[in-house]
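Undergrad: Okay, here's the prediction I keep looking at, along with the sequence it came from:
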Amino acid sequence: MNMLELIEKKRDGAILSKDEIQFFVDGVTHQTLPDYQISAFLMAVLFKGMNDQETTDFTLSMAHSGKICDLSDIPGVKVDKHSTGGVGDKVTPILLPIISSFGVPCVKLSGRGLGFTGGTIDKFESIQGFSTVVAPDSFKQHIEKCGMLLGGQTADLAPADKYLYAMRDVTGTVPSIPLIASSIMSKKIAGGADAIVLDVTCGNGAFMKDEESARELARRMIAIGKLAGKPVSVVMSSMQQPLGSMVGNVLEMLEVVDILRGEGPKDVLEVVLTMAAEMLRFTPVGKDSDVDTLKKACLEKISCGEAYEKFGDLILSQGGVLLSDGSPMFVERPYEVMTVYADRDGYVSKCNALDVGEASCLMGAGRMKKEDTIDMGAGVKLHKKIGDSVRRGDELYTLFVGSHADISEDRIDEALNKMEQAYEISSSQVLPQPEILDVIS
Ligand code: URA
């Protein structure tokens with residue numbers, strides 16, 4: 001087999017066999033293919049696509065390019081979750097303790113944030129002492145201790161995807177549905193879960209900007225799951241505006257604490273409960289129940305305090321520090337830089353997630369490059385969201401930095417410009433937006 005022929009075949013729109021796909025993935029994994037041929041192949045896929053069988057073969061080859069986590073010695077059905085990313089997405093730290101409080105084991109391998117989207121690993125690392133480095137051979141021990149674990153993706157988890165993702169990032173080949181679907185699903189399959197629930201975000205702050213492409217991505221990942229023998233359920237959620245009110249690492253974890261204590265924004269709670277119900281439906285706990293009953297049961301886990309207690313167990317289990325009131329001790333404190341007030345009466349008609357994510361990144365909460373360090377205390381608080389009525393002089397948003405921040409006036413001005421661009425106030429009434437667009441199983 002030769003790589004030039006494979007590139008030409010895909011360029012001409014032909015369907016590749018399992019062996020041909022394996023040849024490409026082997027070449028990436030063992031670094032026997034030059035980067036120019038890898039990029040040419042990725043570009044051919046971007047233009048000509050892949051059918052469901054090719055995408056599944058590609059997914060499985062990438063999943064098997066490294067170690068497959070063996071979770072078989074952890075009893076019970078292991079359900080993993082993943083979000084295609086967004087701004088203010090703090091679903092995982094709330095979801096894990098809820099699911100775990102039903103006795104369902106949770107092994108969650110997460111990533112760091114890059115660009116305007118935040119990463120779950122960074123959010124947990126904003127807790128003093130919390131370690132996200134968990135060796136696969138100690139997964140069982142963590143599950144026995146507190147029923148869940150939150151770890152970073154190890155270097156040997158789908159290494160072919162790791163290399164290809166970095167190549168896609170610099171060759172304009174990220175926005176391809178088969179490439180995104182196979183990238184996500186390869187890591188989920190390598191993570192060893194029995195079933196997978198995906199949050200496919202849709203809107204200006206997500207990979208998928210419109211509902212049609214979000215639906216196609218969802219369909220693809222469900223098809224891969226079917227062909228790979230892993231049941232998949234997709235929750236499609238809106239990312240037209242950030243999820244919740246807080247964007248930034250410590251700020252988002254403070255919102256997590258609020259929600260687990262029965263307070264906090266309802267949009268986050270709705271996504272969490274919908275995801276939780278889908279996850280439980282794959283387990284003996286929820287397989288005979290309807291979604292509304294499961295959502296109610298999850299809400300009960302919050303109101304009785306069990307989920308919050310579980311959150312504390314997770315923190316302690318991974319070396320994190322709790323204060324005497326049971327809340328996490330953070331590595332930084334967010335300090336208010338400035339609050340901006342509404343200059344007229346009306347209704348919020350726009351709160352652009354991408355602009356808010358970029359503003360938060362400019363304040364120091366995100367990385368432009370992988371090597372950048374982040375300011376855990378930085379971010380943005382949104383006092384108003386789409387559909388809210390405002391009076392002139394009401395607080396609209398607040399910018400924060402951490403106590404050790406070294407931020408220039410220019411950076412703050414840039415962030416303020418982004419936030420100004422993010423918001424629109426209309427004189428006519430605007431209806432609040434639904435957070436859940438669909439659930440597809
Ligand atoms: N997340 C991934 O892991 N891969 C992609 O291609 C896009 C989002």
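TA: Structure's in. What do you need? Residues are numbered from 1 along each chain as shown.
Undergrad: contacts, neighbours, all on C-alpha from now
TA: Will do.
Undergrad: Need the pLDDT of whichever residue of the stretch 301-441 of the chain sits closest to the ligand.
TA: Using C-alpha to the nearest ligand atom, the single residue of the stretch 301-441 of the chain nearest to the ligand is K370, 14.7 Å away. pLDDT for K370: 70.
Undergrad: what about it, distance to S289?
TA: 43 Å (C-alpha to C-alpha, to the nearest Å).
Undergrad: Run through the residues that contact S17.
TA: E54 (C-alpha atoms under 8 Å, 6 or more residues apart in numbering).
Undergrad: Torsion angles phi and psi at it?
TA: Phi and psi for S17, reported as degrees, to the nearest 10, are phi -80, psi 170.
Undergrad: mind listing the strands for the stretch 101-250 of the chain?
TA: Along the stretch 101-250 of the chain, the segments classed as strands by DSSP state E, counting those that start in this stretch run 106-110, 148-152, 195-202, 232-238, 246-247.
Undergrad: Would you mind finding the most buried of the ones you listed?
TA: Of the strands of the stretch 101-250 of the chain, the one with the most neighbours on average (mean count of other C-alpha atoms under 10 Å) is strand 246-247, at a mean of 30.
Undergrad: which strands and helices sit next to that one?
TA: helix 353-360, strand 379-382 (3 or more C-alpha pairs under 8 Å, 6 or more residues apart in numbering; DSSP states H and E).
Undergrad: would you list the ones you listed in a markdown table and tack on mean pLDDT and distance to N249?
TA: What follows is the helices and strands packed on strand 246-247, written out as a markdown table (pLDDT from 0 to 100; distance: least, C-alpha to C-alpha, whole Å):
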| stretch | mean pLDDT | distance to N249 |
| --- | --- | --- |
| helix 353-360 | 96 | 10 |
| strand 379-382 | 98 | 7 |
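Undergrad: As a markdown table, those with distance to G346 would be great.
TA: Formatted as a markdown table, those follow (distance: least, C-alpha to C-alpha, whole Å):
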| stretch | distance to G346 |
| --- | --- |
| helix 353-360 | 20 |
| strand 379-382 | 16 |
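Undergrad: Count residues in the vicinity of V380, would you?
TA: Around V380 there are 31 other residues, counting by other C-alpha atoms under 10 Å.
Undergrad: how close does the nearest residue to L42 once chain neighbours are set aside get to D355?
TA: Residue nearest to L42 in three dimensions, not counting chain neighbours: T173, with 6.5 Å by C-alpha to C-alpha, 6 or more residues apart in numbering. To D355, T173 is 23 Å away according to C-alpha to C-alpha.
Undergrad: So between the two, which is more surrounded?
TA: Between T173 and D355, counting by other C-alpha under 10 Å, D355 is the more crowded of the two (24 against 21).
Undergrad: and that one, what is it in contact with?
TA: The contact partners of D355, taken as C-alpha under 8 Å, 6+ apart, are G205, K418, M419, Q421, A422.
Undergrad: Got a PyMOL select line for the buried ones in the residues you listed?
TA: Buried residues among the contacts of D355 (16 or more other C-alpha atoms under 10 Å), as a PyMOL selection:
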select buried, resi 205+418+419+422
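Undergrad: Now, the contacts of D355 that are in strands?
TA: Among the contacts of D355, none falls in strands (DSSP state E).
Undergrad: Which of the contacts of D355 fall within helices?
TA: Among those, the members found in helices (DSSP state H) are K418, M419, Q421, A422.
Undergrad: and the residue in the chain that the ligand sits nearest to, what pLDDT?
TA: Residue nearest to the ligand within the chain (C-alpha to the nearest ligand atom): I180, separated by 3.5 Å. With respect to pLDDT, I180 has a value of 94.
Undergrad: Excluding chain neighbours, what is closest to it?
TA: Spatial nearest neighbour of I180, excluding adjacent residues (C-alpha to C-alpha, 6+ apart): V174 at 7.0 Å.
Undergrad: Can you get me a residue count around the one you found?
TA: Counted with other C-alpha under 10 Å, residues neighbouring V174 total 19.
Undergrad: If you count neighbours, what's buried in stretch 111-120?
TA: Within stretch 111-120, judged by 16+ other C-alpha under 10 Å, the buried ones are R112, G113, G115, F116, T117, G118, G119, T120.
Undergrad: any low-confidence regions in the stretch 1-150 of the chain?
TA: For the stretch 1-150 of the chain, the stretches with pLDDT under 70 are 114-115.
Undergrad: for it, what spans make up the helices?
TA: Along the stretch 1-150 of the chain, counting by DSSP state H, counting those that start in this stretch, helices occupy 3-11, 18-29, 35-48, 52-63, 91-100, 120-125, 139-146.
Undergrad: What residues does the stretch 1-150 of the chain have near the ligand?
TA: T84 (C-alpha under 6 Å from any ligand atom).
Undergrad: same question but for the stretch 151-300 of the chain, I mixed them up
TA: Contact residues (C-alpha under 6 Å from any ligand atom) of the stretch 151-300 of the chain with the ligand: V174, L179, I180, S183, I184.
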